[in-house]
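*Asks:* this one's sequence-less:
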């Protein structure tokens, strides 16, 4: 259950979100490419730890195929989402594989993801209250989970962006905070690297 | 004069009956009970076992489970809303079991103080086998990856993902997930919304069935209207009960009407008068009303199957009227009716006595439903008999009746009928029949499986199968019952049982099990686990230290993290857990303290998912040698009860022959065997026929043999009573047997397997008694008596 929620947040990060009045405007501002790749820099501040944890890597979102989230530093670690499965690779080793046949929420999460990529944001609206504002060519969105279980799981999410999502911030009820910044965003046929294409 | 007074007194009784019945049906609006289980004996042996049935079966019985599915989740949601909207105004009848949103949010929170103790099976094995490096890497991966896997609470609450893994394992016990405020299940390319309702009235009350079934159909139509391709799958005991009820009602009509039409035709062709028809109906009607009144006064309820069985009463209750009427037809017109009755009274009295003994044999069974049937039938016969004796002489005089076409044709037959003699041909026939009987009996097999008595419509069963496959729900009738002297002992025994069951999951005999100890480990396992976690994860030089080196934290952090995890290892108590919201779906598995007569015993249920029917024998042996664990298979249990009563009833039938023989002996002396022989021979050959036709002998065949004795003895008595050379007894036997065959022949067409077995036996048996009855008569060749 929790997993679904975290994945849903990823969906936001990758594609940007939208729903109500200014949200329609934000949706119009977002480019909706067939494939999109880029660099991410993540900083986590965890309860009970003095130092922040920094990591970075590459991510790709390909319509109709799935999402690839490759942490490259400090050590390689890959998360791959396809229609019917979620696979977590630690180096070459499969650390975790979750299939729709055993965990029914897998397809539901991935369904949310794919409908997002297709520009169908109706499903997100059923999970979150979306509150957005637009200033010039950039926008900002705050997401509030509609039910208590989801709220406990993801906490508060806020997004910033223009044509693409630029940053995502998650503040969990437990006190753990995550901030992700996206850069070097590329779209079109050359965006996905050959080794990444092989993963899909 | 006496006859007149009797008739008046009886008229008074009949008026009372009519009044009471009118009050019952119109004033009280009574409805017959349709609970098929009322046919089964009440289990008194084991209070703990009984309690487990209550927990598992009773709640399941009141539930209506609905899956509304479509290719798209949105469409399924729309259809489900339309479905609910139809049922919403009827919450006095069906209550929607809403899913608490707060429950969802809170269920894991309540377990957080115990999180360190909760480790899934696979990870517990890894804890034993994997080195510290493995766990440090696992924690690192969780630390850096934004979306690396299930995460409950903050990182430091569950750095190694053990609690998350445990929660995932628990979630795997059911495929149902909350989604957008609904319950969601997926399967066969569709997404389903799960709706569950609880019935306010008993699933077996006719009123509830009449109201609920059309409502559910209406709701299903609304769902399909809201989303054209929506699929609605419904299951619930109430649907099966309603289908059984509808079938029984239909059969009351066909059997009752068919039987009446048969009697009317026969009577007309025999007596060429409508008055015997009216009189026969009168006797039967009074019998039926009387039986119903007294049964209601005695038991306070009446079972629908009792009424169905009662419909067959028509076949027997008519015998008395027919016997009198046939003699009236053949007797001298000058002889007045009361005098004729006095002459017939000994024979009539004996037929009643024998039939009542026959029916009351049913009352010896421990099945409450059958006792009702026995009392109902015996009372019906007494009332019908009294009607004949009190009223018929006054209503029929010497020249009311004329022999009809059938009576004239039929009478000659009896004189040419073969008699049992010592001639070689006769002995040859007997030997051939005896050989056939032996052949048939040797082919006979028995089958007491309760499922062979089930007759739900195929569509209902298909829905049921599909639904239980999608929901992967545990079987409510096959499970393990675990007992102990304390809650802790029960949990320990559950854990011992689960160690036996794990290999069976691997061998695909079952998909999994549900047990309270999955949630609350025994105190012993909690202590062992804490020691394991302490040894493998929390040691000063363990994975936490390795992790600290990687992320540049100091030894102080290591100490603080270990302390934080130790603080989440508060001992878990079963009672605390049961009070929490997380326990909601599992409470029914815990019976707690049950008084079993010798003090309190603690008990729980371990339920099985994905049970394979073929695996039942393996499971039955799975717990051998585990103390306090009992395999419970209610289906097999009921079947065993049916089987033992089949055997017992066999002896009851034999005993009844002996009793009837004793009753008849003072009157018939050396000829007594001739009264019983046709019925006995017919019974033996009927069972042989069942053997030849491949029918498997079960309780209801044997019960029919009991009834056959009651009916067959009538015919035997008719044939043996002094009849002064006329053919009235033969005519009476023919008419009665033909009507009995008609009514029971229709019972053989019943869709209810139990009634069908009963009907087939009666059909063959009654026909054979009819054929055999004259063979044993000693009536001399008549001096060509002709009717006047």
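*Replies:* Thanks, I have the structure now. Keep in mind that what you see is a predicted model, and the values were worked out from it rather than measured. Numbers count the residues shown, from 1 in each chain, chains lettered A, B, ... in the order given.
*Asks:* so where's the stretch 451-600 of chain B shaky on pLDDT?
*Replies:* The stretch 451-600 of chain B contains residues with pLDDT under 70 at B:454.
*Asks:* in stretch B:344-351, what counts as buried?
*Replies:* Judged by neighbour count (16 or more other Cβ atoms under 10 Å in any protein chain shown), stretch B:344-351 contains these buried residues: B:344, B:347-348, B:350-351. C-beta here means a position set from N, CA and C on the backbone, and glycine is covered the same way.
*Asks:* for the helix or strand hosting residue B:217, packing partners?
*Replies:* Using DSSP states H and E, residue B:217 sits in helix B:206-226. Secondary-structure packing of helix B:206-226 (3 or more Cβ pairs under 8 Å, 6 or more residues apart in numbering or on different chains; DSSP states H and E): strand B:63-70, helix B:73-87, strand B:231-236, helix B:237-271.
*Asks:* Looking at residue 165 now. What's its pLDDT?
*Replies:* By default, I'm working from chain A. Looking at residue A:165, its pLDDT stands at 82.
*Asks:* ah, I was thinking of chain B
*Replies:* Reading off the model, residue B:165 has pLDDT 86.
*Asks:* what's near enough to touch it?
*Replies:* B:119-120, B:122-123, B:150 (Cβ atoms under 8 Å, 6 or more residues apart in numbering or on different chains).
*Asks:* ok so, going back, could you provide the buried residues of stretch B:344-351 in CSV, with additional columns for distance to residue B:297?
*Replies:* Shown next, in CSV, are the buried residues of stretch B:344-351 (distance: Cβ to Cβ, whole Å):
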residue, distance to residue B:297
B:344, 31
B:347, 31
B:348, 27
B:350, 28
B:351, 26
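*Asks:* from those residues, which is closest to residue A:65?
*Replies:* residue B:351 (86.4 Å; Cβ to Cβ).
*Asks:* same for the helix or strand harbouring that closest one, what does it pack against?
*Replies:* In the assignment (DSSP H and E), residue B:351 maps to helix B:337-363. Packed against helix B:337-363 by the contact rule (3+ Cβ pairs under 8 Å, 6+ apart) you find helix B:313-330, helix B:368-395, helix B:634-668, helix B:699-720.
*Asks:* Nearest to chain A, out of the ones you listed?
*Replies:* Checking those against chain A by Cβ to the nearest Cβ gives helix B:634-668 as the closest, at 29.7 Å.
*Asks:* Following element in sequence after the helix or strand of chain A with the lowest mean pLDDT, please.
*Replies:* Across the helices and strands of chain A, the lowest-confidence element by mean pLDDT, DSSP states H and E is helix A:2-15, at a mean of 34. Later in the chain than helix A:2-15, the nearest helix or strand by DSSP H and E is helix A:21-29.
*Asks:* Can you name the element that comes right after that next one?
*Replies:* The helix or strand immediately downstream of helix A:21-29 is strand A:35-45, counting by DSSP H and E.
*Asks:* which residues are contacting that following strand?
*Replies:* By Cβ under 8 Å, 6+ apart, strand A:35-45 touches A:14, A:52-63, A:71, A:164, A:176-189, A:191-193, A:196, B:143-144, B:146.
*Asks:* switch the cut-off to 7 Å
*Replies:* Identification of contacts with strand A:35-45 by Cβ atoms under 7 Å, 6 or more residues apart in numbering or on different chains yields A:52-63, A:176-187, A:191-192, B:146.
*Asks:* and those, which of them are in strands?
*Replies:* A:53-62, A:177-187 (DSSP state E).
*Asks:* Go back to these and keep what's next to chain B.
*Replies:* With the criterion set as Cβ under 7 Å from any Cβ of the partner chain, the members of the ones in strands among the contacts of strand A:35-45 near chain B are A:53, A:55, A:178, A:180.
*Asks:* Out of the residues you listed, which is nearest to residue B:32?
*Replies:* Proximity of those to residue B:32 was ranked by Cβ to Cβ; the top entry is residue A:178 with 66.7 Å.
*Asks:* looking at the sheet around the closest one, what are its partners?
*Replies:* Per DSSP bridges, the residues bridged to residue A:178 are residue A:44, residue A:170.
*Asks:* Redo the buried residues of stretch B:344-351 as a markdown table? Include pLDDT.
*Replies:* Formatted as a markdown table, the buried residues of stretch B:344-351 follow (pLDDT from 0 to 100):
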| residue | pLDDT |
| --- | --- |
| B:344 | 90 |
| B:347 | 88 |
| B:348 | 90 |
| B:350 | 88 |
| B:351 | 87 |
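*Asks:* Looking at the residues you listed, which is nearest chain A?
*Replies:* residue B:351 (68.1 Å).
*Asks:* Quick one: residues contacting that closest one.
*Replies:* With Cβ under 7 Å, 6+ apart, residue B:351 has these contacts: B:319-320, B:714, B:717.
*Asks:* Would you point out the most distant pair within the residues you listed?
*Replies:* B:320 and B:717 (11.4 Å).
*Asks:* Relative to residue B:60, how far out is the residue of the stretch 601-750 of chain B found nearest chain A?
*Replies:* Nearest residue of the stretch 601-750 of chain B to chain A, counting by Cβ to the nearest Cβ: residue B:610, 12.9 Å away. According to Cβ to Cβ, to the nearest Å, residue B:610 and residue B:60 sit 17 Å apart.
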